[in-house]
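Give me a 3D structure for the following:
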Amino acid sequence: MEGEGEQLLTWNRETVPKVMKIVSSRLPQRDLVSLLVVSPWLHRTLLSYPSLWLVIDLREMNDAGDRLLAALSLPRYQHLKQISLEFAQDIEDRHLELVRSKHSDSLQSLECLNLNGCQKISDKGIEAITSTCPKLKVFSIYWNVRVSDIGVKHMVKNCKHVVDLNLSGCKNLSDKTLQLIADNYQDLESLNLTRCVKITDSGLQQILLNCTSLRSLNLYALSSFTDEAYKKISSLAHLRFLDLCGAQNLSDEGLSYIAKCRSLVSLNLTWCVRITDTGVITIAEGCTSLEFLSLFGIVGVTDKCLEVLSKSCSNTITTLDVNGCIGIKRRSREELLKLFPHLKCFKVHS
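Numbers count the residues shown, from 1 in each chain. The predicted structure is shown next:
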């Protein structure tokens with residue numbers, strides 16, 4: 001009996017904590033917080049592992065500003081790597097200013113900050129929060145119409161190491177923002193400018209000339225760019241993802257520049273209505289690693305470009321969307337697989 005008691009004690013002291021660490025590291029942060037109230041023993045065990053407390057997740061929560069301040073006052077959140085406030089409610093500039101004045105030490109190692117949909121945050125809040133996280137690498141502020149070029153100016157001043165930047169839907173940003181990014185983030189790898197409607201050819205050219213480490217560039221719903229904007233895109237030797245959905249001024253000439261991006265894996269040309277077979281053939285011959293290509297809604301392409309694609313990209317393409325391309329005829333599944341053996345998704349206008 002005594003031996004069994006010692007084994008049980010060893011199990012409780014050594015094995016159970018190890019198992020809990022493994023299991024807990026795979027749990028969502030909110031579930032992890034819930035476990036703290038199960039028992040005093042479990043509370044102590046979980047708090048003994050600092051690696052479990054690198055994230056604050058307040059996505060879609062109410063009273064997010066007060067919750068953030070309360071969390072940062074706890075000792076376990078002293079070495080944060082990530083904060084998500086995506087579509088959280090009740091988060092305002094004043095909360096971020098309080099973070100700066102009371103809890104800046106906790107954010108010195110922060111690498112990822114998500115403020116998507118936090119529409120009450122302005123340039124003032126951006127200045128406050130970015131001043132506390134000098135090691136920030138990933139910053140996302142999707143759908144914020146209050147932030148302007150001034151907020152971006154504070155960001156590039158305070159955060160020198162950003163490599164992933166999402167400004168999608170920030171409609172008040174202009175070419176000044178793109179110049180700031182081009183001047184300060186030459187190592188940028190991912191940039192999302194979806195619906196930043198004030199930017200022009202000139203601003204985009206600065207990005208293409210200076211941010212040559214870009215792997216992902218999202219220009220969704222930016223119809224004002226002309227072919228001139230893409231002349232220097234070949235400098236993006238590592239570019240793998242390019243979204244040009246809705247680029248209504250893009251023609252075959254612009255595609256001839258894009259075709260020089262030899263590493264492209266995903267290209268979205270949905271509703272690029274000026275494009276013809278000539279441009280798509282140029283892409284097929286230049287971007288032979290394509291896995292995803294959307295030509296949705298383009299009436300100027302025919303089976304001719306499809307045949308060239310099948311010769312150049314047959315071993316790589318898994319998704320080819322030609323829905324609405326009335327010049328491309330219907331084919332059976334077997335016929336499609338002969339052209340593109342690895343095809344998983346193929347949509348044809350009915």
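
Any regions of the stretch 51-200 of the chain where pLDDT drops low?
Along the stretch 51-200 of the chain, no part satisfies pLDDT under 70.

swap that for the stretch 201-350 of the chain, sorry
Ranges of the stretch 201-350 of the chain meeting pLDDT under 70: 347-350.

quick one, helices of this structure?
Under the criterion DSSP state H, the chain carries helices at the ranges 2-10, 16-24, 29-35, 40-47, 64-72, 93-103, 123-130, 149-158, 175-184, 201-210, 252-258, 277-286, 303-312, 333-339.

Now render those helices as a markdown table, adding mean neighbour count.
The way it works is simple: take the backbone N, C-alpha and C, and place the C-beta from them, glycine included. Below are these laid out as a markdown table (neighbours: other CB atoms under 10 Å):
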| stretch | mean neighbour count |
| --- | --- |
| helix 2-10 | 9 |
| helix 16-24 | 13 |
| helix 29-35 | 14 |
| helix 40-47 | 14 |
| helix 64-72 | 18 |
| helix 93-103 | 17 |
| helix 123-130 | 23 |
| helix 149-158 | 20 |
| helix 175-184 | 20 |
| helix 201-210 | 19 |
| helix 252-258 | 21 |
| helix 277-286 | 21 |
| helix 303-312 | 18 |
| helix 333-339 | 12 |
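
could those be laid out in a markdown table, adding distance to residue 141?
Output for these, formatted as a markdown table (distance: least, CB to CB, whole Å):
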| stretch | distance to residue 141 |
| --- | --- |
| helix 2-10 | 51 |
| helix 16-24 | 31 |
| helix 29-35 | 21 |
| helix 40-47 | 32 |
| helix 64-72 | 15 |
| helix 93-103 | 12 |
| helix 123-130 | 8 |
| helix 149-158 | 8 |
| helix 175-184 | 12 |
| helix 201-210 | 17 |
| helix 252-258 | 27 |
| helix 277-286 | 32 |
| helix 303-312 | 37 |
| helix 333-339 | 41 |
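
Tell me which of the ones you listed lies nearest to residue 237.
Checking the helices of the chain against residue 237 by CB to CB gives helix 201-210 as the closest, at 11.6 Å.

Between helix 175-184 and the closest one, find me the angle.
Angle of helix 201-210 versus helix 175-184, following axes from the mean of the first three to the mean of the last three CA atoms, to 10 degrees, is 10 degrees.

which residues are contacting helix 201-210?
174-175, 177-179, 181-183, 186, 191, 214, 217, 219, 224-226, 228-233, 235-236 (CB atoms under 8 Å, 6 or more residues apart in numbering).

Can you flag the buried ones in the residues you listed?
174-175, 177-179, 181-182, 191, 214, 217, 219, 225, 228-233, 236 (16 or more other CB atoms under 10 Å).
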